[in-house]
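S.K.: Whatever this is, show me its structure:
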Amino acid sequence: MKPKLIMFVFVALRFATIANAQSYTIQQIGLTDPVHTTPSGSANQIGILNAAGQVTGLASRNVGGEDAWFYSPTTYSTQLIGLTDAVHVQTVGGAVNDAEDMNAAGQVLGMTARYSGNTFTGYDAWLFSSATNSTQVIGLLDAAHTQADGSYYNQAYHLNASGQVAGYAGRTGDLAGHDAWLYSSATNTTQIIGLTGAGYNGSFGGPNGYSVNEPNLLNAAGQVAGTATRITGNGPVLGYDAWLYSPTTNTTQRIGLQDPSGGYTVNIPSGMNATGQVAGSTAFYSDGGFTLSRRSAWISSPTTNATQQIGLVDAAHTQSDGYFNHLPIALNDTGQVAGTSNRFSGNTDQGQDAWLYSSKANSTQVIGLTDGAHTQTGGYSFNQVNGMNAVGEVIGFAKRYSGSADRGQDTWLYSPSTNTTQLIGLTDKVHTQVGGTSVNNTLFLNAGGFVVGTAKRYNGNSDPSMSSDNGIDSWLFDPVSQVTYNLISSLSATGFASSSVSYLGDNGVVLGTYNVNGGATQDAFLWSEAAGFHDLGNLVQGGLTAAGWTNLADAFGANGGSYIIGDGTLSNGSGMTFELAPVTALVGDYNHNGIVDAADYVVWRNGLGTTYTQNDYNVWRAHFGQTAGDGVGAGTSAVVPEPTTMVMLISATLVTCSRRRA
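M.R.: Residues are numbered from 1 along each chain as shown. Next comes the predicted model:
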């Protein structure tokens, strides 16, 4: 079935309103104290939003550096977190105090630079707990990881839901390498992990020799995947091995592929799922690590302790000289891996194929668009994987051709349930150049198979001189209805429009940025199939101006569509970060402005028979006069005006609306 295309064209979109959208309160978040403020204002960056609406971020110091902060939606306050004592602040007042990750419990992982006066002396890793409002220094702090001058280097980037942290610490001595570690907040202990001993320890560098282990991935069970440098004696380095650490057995096992001849190999784990399966790649080199001879994709199983080569391992994907290139892109919890393999004819490059591997069936399926419109005359075709969800649906793009001529790229969605690849995106006249070029790209795929992407706009097909790039449109594809929505077309006089998407929720809510009326002003937007398009600023209860804002420029993310984070401009002209919190639904408030009044009657009347029923009028009348902040619940009523008074109020509202439309 061919997907349908629905386009919405809005004029003066910044002032458009659509019924049934959630309204929000807005809070400034970030640090605005004198240390983090200059004459031009404060500079805050948003980091992570969790399910509870807690937010991490960074604020620039006015004398140099930055600090980490934590915002709580229950106290409506932002606090500085991390390490800010004399050891972690320069004499001149500079500091580097970064937040790296946050979990659902409000634990924040970070790193802070250490100083002696103004001299840098290493890094401390730390874990902040919002429950106890305390910060714990973590990592390896013993003599084997402390330099002669007292400095040490602990760095960490991975935090899971149970408060386990994976990081690494510098080993004592010059050029001694570093050890990987796993910290448990439940026991407040740190465990050295990785591959050590024979084959992974050089005889140079320090009192304990040279060794390098780094953690790459951490899952919810506390399993860690990483890499270790292969070396013996005085070297040279023989490559890098991948490993998997299990906290239940306190053991580290080598994973990945090895060169039977002992050549230089680089194993990189690129994805790990909840069961401990790891997907990765192995690059095989000749000439002592200088010439890449081939690259394999693989998946390892912790239950069998075996590594399986995957990808399209056949003649069509291998050069005559034996070279091949397979890359894993995504891994899900069922053990499916999506990836790519280079195509060849003899030693001639013929592009790239996309594939999906199933560990359950131990089979690999070619996916993507490989028909005539996506294959050059000489047989060249190119498909790329951009993402995969939990059920194995995959998104990507394929290059378009007309004979041997490049005609842009098309986007696609692959479904394993039907074993079919479907072309999606915007390919109508507005999004196709005179010569037939069309450029679409996929950005996000959610759990339900909904896809968000972009398409280039063109000035038209009738006049070749008017076929230049004319902006970018954002779109959403609904796999259930087979409809592709052009999310925004806020046009300039010449037909220019531009938008970008930063978030797609599993509930279908889309967040992004658009150019208002195709001009220089950029505003954040929210879109859903139920509510349509909204300038995000229009959803702030009471209006942006009353809240002290000029505009909301960007929306970076949401937690299921409830809390939304982004940045914008305050009424005084300075930039600021924000969090939007959903307003509790007010019964009868059909235009979502925080009060049940005559204007809601107009919304009800206009939607009667479609959006609303006759009973919705009775609900409105019973709650007339209530506001979102008056504490009146759904089971109680404010004072309802007499019928004559209500008629007068409605009449006045209708007259006002008529004058506005005139």
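
S.K.: Which residue is the nearest non-sequential neighbour of Gln147?
M.R.: Excluding its sequence neighbours, the residue lying closest to Gln147 (CB to CB, 6 or more residues apart in numbering) is Thr172, at 6.3 Å. C-beta: built from backbone N, CA, C; applies to glycine.

S.K.: Next, count neighbours for Val137.
M.R.: By the criterion of other CB atoms under 10 Å, Val137 has 12 neighbours.

S.K.: Report the helix or strand with the lowest average pLDDT across this structure.
M.R.: Within the chain, no helix or strand scores below strand 4-7, which has a mean of 43 by mean pLDDT, DSSP states H and E.

S.K.: right, and the helix or strand after that strand?
M.R.: strand 24-29 (DSSP states H and E).

S.K.: Show me what the helix or strand following that following strand packs onto, helices and strands only.
M.R.: Once the chain leaves strand 24-29, the next helix or strand it forms, by DSSP H and E, is strand 37-38. On a contact count with 3 or more CB pairs under 8 Å, 6 or more residues apart in numbering; DSSP states H and E, strand 37-38 meets no helix or strand.

S.K.: For the residue nearest in space to the middle of the chain, name its beta-bridge partners.
M.R.: Compute the mean C-alpha point of the chain, and by CA atoms, centre = their mean the closest residue is Tyr503, 6.9 Å away. Beta-bridge partners recorded for Tyr503 (DSSP bridges): Leu511.

S.K.: could you check the distance from it over to Ala530?
M.R.: Tyr503 sits 17 Å away from Ala530, taking CB to CB, to the nearest Å as the criterion.

S.K.: same thing with Ala43?
M.R.: Remark: distance between Ala43 and Ala530 (CB to CB) = 37 Å.

S.K.: Same drill for the two, tell me which one is more crowded.
M.R.: Ala43 (20 against 11).

S.K.: Quick check: chain neighbours aside, which residue is closest to that one?
M.R.: With CB to CB, 6+ apart, the residue lying closest to Ala43 is Ser60, at 4.1 Å.

S.K.: contacting residues around that neighbour?
M.R.: His36, Ser42, Ala43, Asn44, Glu66 (CB atoms under 8 Å, 6 or more residues apart in numbering).

S.K.: can you give me the strands for the stretch 101-250 of the chain?
M.R.: Assigned by DSSP state E, counting those that start in this stretch, the stretch 101-250 of the chain shows strands spanning 107-116, 119-129, 134-138, 152-159, 164-170, 177-184, 189-193, 200-202, 211-218, 224-233, 239-246.

S.K.: Going by neighbour count, list what's buried in the second one.
M.R.: Just to be clear, that refers to strand 119-129. Thr121, Gly122, Tyr123, Asp124, Ala125, Trp126, Leu127, Phe128, Ser129 (16 or more other CB atoms under 10 Å).

S.K.: With the fourth one instead?
M.R.: Neighbour-count burial for strand 152-159 flags Tyr152, Tyr153, Asn154, Gln155, Ala156, Tyr157, His158, Leu159 (criterion: 16+ other CB under 10 Å).

S.K.: Now the terminal residues of stretch 612-627, how far apart.
M.R.: Terminal residues of stretch 612-627 are spaced 21 Å apart (CA to CA, to the nearest Å).

S.K.: Go through that stretch and flag the buried ones.
M.R.: Those would be Tyr612, Asp616, Tyr617, Val619, Trp620, Arg621, Ala622, His623, Phe624, Gln626, for stretch 612-627 by 16+ other CB under 10 Å.

S.K.: From Leu491, how far off is the third one?
M.R.: Read it as Tyr617. For Tyr617 relative to Leu491 (CB to CB), the value is 38 Å.

S.K.: can you check Asn347 too?
M.R.: Asn347 is 49 Å from Leu491, by CB to CB.

S.K.: higher neighbour count, the two?
M.R.: Neighbours were counted for Asn347 and for Leu491 using other CB under 10 Å; Leu491 has more, 19 against 9.

S.K.: Just give me the neighbour total for Thr418.
M.R.: When counting by other CB under 10 Å, one arrives at 8 neighbours for Thr418.

S.K.: Flag the shaky bits of the stretch 551-662 of the chain, pLDDT-wise.
M.R.: By pLDDT under 70, the low-scoring segments of the stretch 551-662 of the chain are 561, 585, 592, 628-662.

S.K.: Let's see that with 50 instead.
M.R.: Low-confidence segments of the stretch 551-662 of the chain (pLDDT under 50): 631-640, 656-662.

S.K.: which one among the buried residues of strand 119-129 gets closest to Gly167?
M.R.: For these, the closest approach to Gly167 (CB to CB) belongs to Ala125, at 5.3 Å.

S.K.: mind checking pLDDT for that closest one?
M.R.: Listed pLDDT for Ala125 reads 98.

S.K.: thinking again about what came up before, in the contacts of Ser60, find the pair that's most separated.
M.R.: It's Ser42 and Glu66 that sit farthest apart of the contacts of Ser60, by CB to CB, at 11.5 Å.

S.K.: who are the neighbours in contact with the closest residue to Pro416 other than its chain neighbours?
M.R.: Using CB to CB, 6+ apart and skipping the chain neighbours, the partner closest in space to Pro416 is Gly392 (4.2 Å). Neighbouring residues of Gly392 by CB under 8 Å, 6+ apart: Asn332, Thr334, Gln336, Leu356, Ser358, Pro416.

S.K.: Gly387 now?
M.R.: Ile329, Ala330, Ala338, Val394, Ile395, Gly396, Thr442, Phe444, Leu445.

S.K.: Ok, Pro269 next?
M.R.: Pro269 neighbours (CB under 8 Å, 6+ apart): Asn216, Leu217, Ala225, Gly226, Thr227, Ala242, Leu244, Ile255, Gly256, Val278, Ala279, Gly280.

S.K.: Of those, which is the nearest to Leu423?
M.R.: Nearest to Leu423 among these is Ala279, at 27.2 Å by CB to CB.

S.K.: The closest one touches Thr307, doesn't it?
M.R.: No: counting by CB atoms under 8 Å, Ala279 does not reach Thr307; the two are 10.3 Å apart.

S.K.: Overlap in contacts, those two.
M.R.: Trp298, Ile299.

S.K.: rewinding a little: any chance of JSON lines for the contacts of Pro269, columns distance to Gly289?
M.R.: Shown next, in JSON lines, are the contacts of Pro269 (distance: CB to CB, whole Å):
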{"residue": "Asn216", "distance to Gly289": "20"}
{"residue": "Leu217", "distance to Gly289": "24"}
{"residue": "Ala225", "distance to Gly289": "22"}
{"residue": "Gly226", "distance to Gly289": "20"}
{"residue": "Thr227", "distance to Gly289": "15"}
{"residue": "Ala242", "distance to Gly289": "17"}
{"residue": "Leu244", "distance to Gly289": "24"}
{"residue": "Ile255", "distance to Gly289": "21"}
{"residue": "Gly256", "distance to Gly289": "16"}
{"residue": "Val278", "distance to Gly289": "23"}
{"residue": "Ala279", "distance to Gly289": "23"}
{"residue": "Gly280", "distance to Gly289": "18"}
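
S.K.: Good, wrapping up.
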